[in-house]
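Chemist: please find the sequence and the predicted model below.
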Amino acid sequence: MLPRMSRRADSVWSSLKGHEEPLRQLREALSRGRFSQSYLFVGSAGIGKRRFATLLAQCLFCRAIPDEELEACGECSGCRPFLAGSHPDFLLVERESGKRELTIDKFIGDKEERGRAGLCHDLSLRPSAGDRKIAVIDDADSMNDESANALLKTLEEPPPGAVLILIAAAADKLLPTIRSRCQEVRFSPLSETQLAGLLLDQNLVESDEEARRVAAVSGGSLVMAAQLIDPQMRELRQILRNWLRSSTAGGIDLAKKIVELADQVQTPGLDQRAVARWSVRFLVEAINDWVRLDCQPRLAGDSSLADVASWTQTSTVQGPDRIDLATDCLEPLLALDASLEQNVPVPLALEAGLCEVARLWQRR
Ligand SMILES: [Zn+2]
């Protein structure tokens, strides 16, 4: 067998950006015989937790390389069906698109098949190919209490050979009883450089410059970056900048425009609420640029600032007053974001928040 170092270049993990620390932790646990049966992967959405869990599963199914090396050959009788998406001992549950909750039927079957289907049932059956079954539960933080209690029984007494990997962006939304039965592994957001690299690798952007620009405002999340690249999101960003420029900026019209645009967007995950939250981010970004330009007028080469420069000149407030006004505007924007996070109807939340911003912005 090749020594471990010589395999690094074509390691299965080379397709993943970042997350060296979780990888180190799990390798160590395996080599010390302390690998847990239940893990909870925690970290922001869109940073590669599920991809990590999938690679981990492949390595554990690989029959050519010892577990503690946490690598996969890609060709053995464990790897091939896994890569083809047909490994009989790999189970995955995730929230269906458009649904807010991970429902109980995913765990113990629907009403007709209660207890005879679902993840908990499947996991209780003997592995068909080797000695291990691996279950990945994505969006675990969207389990309702009923689902969580069904899963809890399995977590309390996992069947021999079963490995459960729960994935969550907000661990505090999980029942404490679930959390306490899992080994927690923390995932950090991607760095701007890692995210920019990923955007280029996946051909999601056309240039280094665009990759850097998108990565800078995506909070280390590929999901956020992919949403930002949507052409209608670019249009939205421009609409909001034009709105700030206009001397008669009104909140109600803008709220309507945002909702209309949101209803046309096709990118998965970009529903009305997500688009509204992007509007808040874009406004914060534009107002920050407006302040920065006043404090530091020469910023050649930054296209987003050049855009703001064309309308910042008309402002009547300057220096510290400008910072004050920006701070005042941030308050209703943060409140708007908080209400969008709740179940408040999007058009209502937008109207209230944007009218308040418009009122303050008149001081400009
Ligand atoms: Zn293999």
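Modeler: On my side now, so go ahead. Worth saying up front: this structure is predicted, and the values here are computed from it rather than measured. Numbers count the residues shown, from 1 in each chain.
Chemist: could you use CA atoms for every contact and neighbour count after this?
Modeler: Will do.
Chemist: and the strands in the stretch 51-200 of the chain?
Modeler: With strands called from DSSP state E, counting those that start in this stretch, the stretch 51-200 of the chain shows them at 90-93, 133-137, 162-168, 183-186.
Chemist: the ion: which of those strands is closest?
Modeler: For those, the distance to the ion is smallest for strand 90-93, at 14.6 Å, taking Cα to the ion.
Chemist: what mean pLDDT does that closest one get?
Modeler: Averaging pLDDT along strand 90-93 gives 96.
Chemist: list the buried ones in it?
Modeler: 90-91, 93 (16 or more other Cα atoms under 10 Å).
Chemist: got it, and stretch 279-295?
Modeler: Result for stretch 279-295 [16+ other Cα under 10 Å]: buried residues 279-284, 286-294.
Chemist: still on that earlier bit, switch the strands of the stretch 51-200 of the chain over to CSV; also include distance to Asp324.
Modeler: Converted to CSV, the strands of the stretch 51-200 of the chain look like this (distance: least, Cα to Cα, whole Å):
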stretch, distance to Asp324
strand 90-93, 48
strand 133-137, 46
strand 162-168, 38
strand 183-186, 37
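Chemist: nearest to Cys355, of these?
Modeler: The closest of those to Cys355 is strand 162-168. By Cα to Cα, the value is 34.9 Å.
Chemist: kindly calculate the angle that that closest one makes with strand 133-137.
Modeler: Following axes from the mean of the first three to the mean of the last three Cα atoms, to 10 degrees, one obtains 10 degrees for the angle between strand 162-168 and strand 133-137.
Chemist: what strands flank strand 162-168, and is each parallel or antiparallel?
Modeler: Strand 162-168 sits in its sheet next to strand 38-42 (parallel), strand 133-137 (parallel), going by DSSP bridges.
Chemist: how about the residues of the protein by the ion?
Modeler: Contact residues, the chain versus the ion (Cα under 5 Å from the ion): 62, 72-74, 76, 79.
Chemist: all helices for the stretch 201-350 of the chain, in order.
Modeler: Secondary structure of the stretch 201-350 of the chain (DSSP state H, counting those that start in this stretch): helices at 208-216, 222-229, 231-245, 251-264, 272-295, 303-312, 319-341, 346-361.
Chemist: out of these, nearest to Tyr39?
Modeler: The nearest among those, by Cα to Cα, is helix 222-229 at 22.8 Å.
Chemist: by contact count, what packs against the closest one?
Modeler: Helix 222-229 makes packing contacts with helix 208-216 when contacts are defined by 3 or more Cα pairs under 8 Å, 6 or more residues apart in numbering; DSSP states H and E.
Chemist: export the helix it packs on to PDB, keeping only CA atoms.
Modeler: Provided in PDB are the C-alpha atoms of helix 208-216 (Å, rounded to 0.1, in the frame of the first residue of the first chain):
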ATOM      1  CA  ASP A 208     -11.200  36.000 -10.100                       C
ATOM      2  CA  GLU A 209     -12.500  39.500  -9.500                       C
ATOM      3  CA  GLU A 210     -16.100  38.300  -9.400                       C
ATOM      4  CA  ALA A 211     -15.200  35.300  -7.200                       C
ATOM      5  CA  ARG A 212     -13.500  37.700  -4.700                       C
ATOM      6  CA  ARG A 213     -16.400  40.100  -4.700                       C
ATOM      7  CA  VAL A 214     -19.100  37.500  -4.100                       C
ATOM      8  CA  ALA A 215     -17.000  35.700  -1.500                       C
ATOM      9  CA  ALA A 216     -16.500  38.900   0.400                       C
END
